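Asker: pasting a predicted model and its sequence here:
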Amino acid sequence: MGSRSSSSGRRTGRTDNVKRPDKRAERSRRTREKIVAAARELFVAQGYGATSLQEVADRAGVAVQTVYFVFRNKRALFKDVVDTSIAGDVEPVATMDRDWFRAACAEPTAAAQLRAHVSGVREILGRVAPIMPLIAAAAASDPEIAAQWPSGPDPRYTVQHAAAKALTSKPDAREAWARATLIDHLCTDHA
C-alpha cells in the first residue's frame, strides 16, 4: 500500500482503501468526556447552581471557551452529564437498544432475565443516584432545564414495559404475573 499514482505518473497522496483514524475526532471525544466528568464531579460536590463553567474548565484542564464551544451553555452541559450518567457512556444509544438490556430480555427464563435486568438497573442507579437531587433542584430553579426532559410518559415506564413484556413471555413466568403489575413493580422498585 502507499500513495496512488495518477495516470500522469504523479503521486496523489492518497492511500489505497486505507481509512486512517480521525485523530481530531478522537481528541474531541476525549475533551468532551473530560468536561463531562469534571462537571459531574463539581455538580455533585457543589450543586448545579454553585458550579461555574470556569470551574468546570479548570477541573477538566481546558479553556472555558472550549466548554462553551462544545456545549454552548451550562444547561446543555448539565443535560449531557445526566444523559451520560444514565447511559454510562457517551454513545447515543437508547436503553432498550443497549447490549445489557437486549441480553437480559433474550435470557431463556424469567429468573435469568430478572437477574440480568436487576444487575443492569443496579449499575444505572449507582451512576444516577448521586445526581437525582441535582436534577430535581436544577429543574425546580430553572424552567429551561425542566423543559429539557419530556413531560409525557416516564421513559423508565417504557423501558420497564418492554422488560415486563419479555418477562411474561418466558416459559417459567408465573401465570399470576400481570404485565401491568410487573411494570409497576419494576418502576417503583428501581425509582
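Answerer: Received the coordinates, thanks. Residues are numbered from 1 along each chain as shown.
Asker: make it CA atoms for all contacts and neighbour counts henceforth
Answerer: OK.
Asker: counting neighbours, what do you get for residue 103?
Answerer: 14 (other C-alpha atoms under 10 Å).
Asker: would you list the phi and psi of it?
Answerer: phi -70, psi -40 (degrees, to the nearest 10).
Asker: for it, which non-adjacent residue is spatially closest?
Answerer: Nearest residue to residue 103, sequence neighbours excluded (C-alpha to C-alpha, 6 or more residues apart in numbering): residue 116, at 7.9 Å.
Asker: can you list the buried residues in the helix or strand where that neighbour lies?
Answerer: Using DSSP states H and E, residue 116 falls within helix 110-128. If you call a residue buried by 16 or more other C-alpha atoms under 10 Å, then helix 110-128 has these buried ones: 110, 112-114, 116-118, 121, 124-125, 127-128.
Asker: closest to residue 59 out of those residues?
Answerer: Nearest to residue 59 among those: residue 127, at 20.0 Å, using C-alpha to C-alpha.
Asker: mind listing what that closest one touches?
Answerer: Each residue near residue 127 by C-alpha atoms under 8 Å, 6 or more residues apart in numbering is listed here: 85-86, 88.
Asker: can you flag the buried ones in these?
Answerer: If you count burial by 16+ other C-alpha under 10 Å, the buried members of the contacts of residue 127 come out as 85-86.
Asker: please tell me how far the residue nearest to residue 103 sits from residue 147.
Answerer: The spacing between residue 116 and residue 147, counted by C-alpha to C-alpha, to the nearest Å, is 33 Å.
Asker: I'd say residue 74 and residue 53 touch.
Answerer: Yes. Using C-alpha atoms under 8 Å, residue 74 makes contact with residue 53 at a distance of 6.7 Å.
Asker: in helices, which of the contacts of residue 127 appear?
Answerer: 85-86 (DSSP state H).
Asker: from the contacts of residue 127, pick the one nearest residue 156.
Answerer: Within these, proximity to residue 156 (C-alpha to C-alpha) peaks at residue 86, which comes in at 11.0 Å.
Asker: which residues of the protein score low on pLDDT?
Answerer: 1-21, 150, 175-191 (pLDDT under 70).
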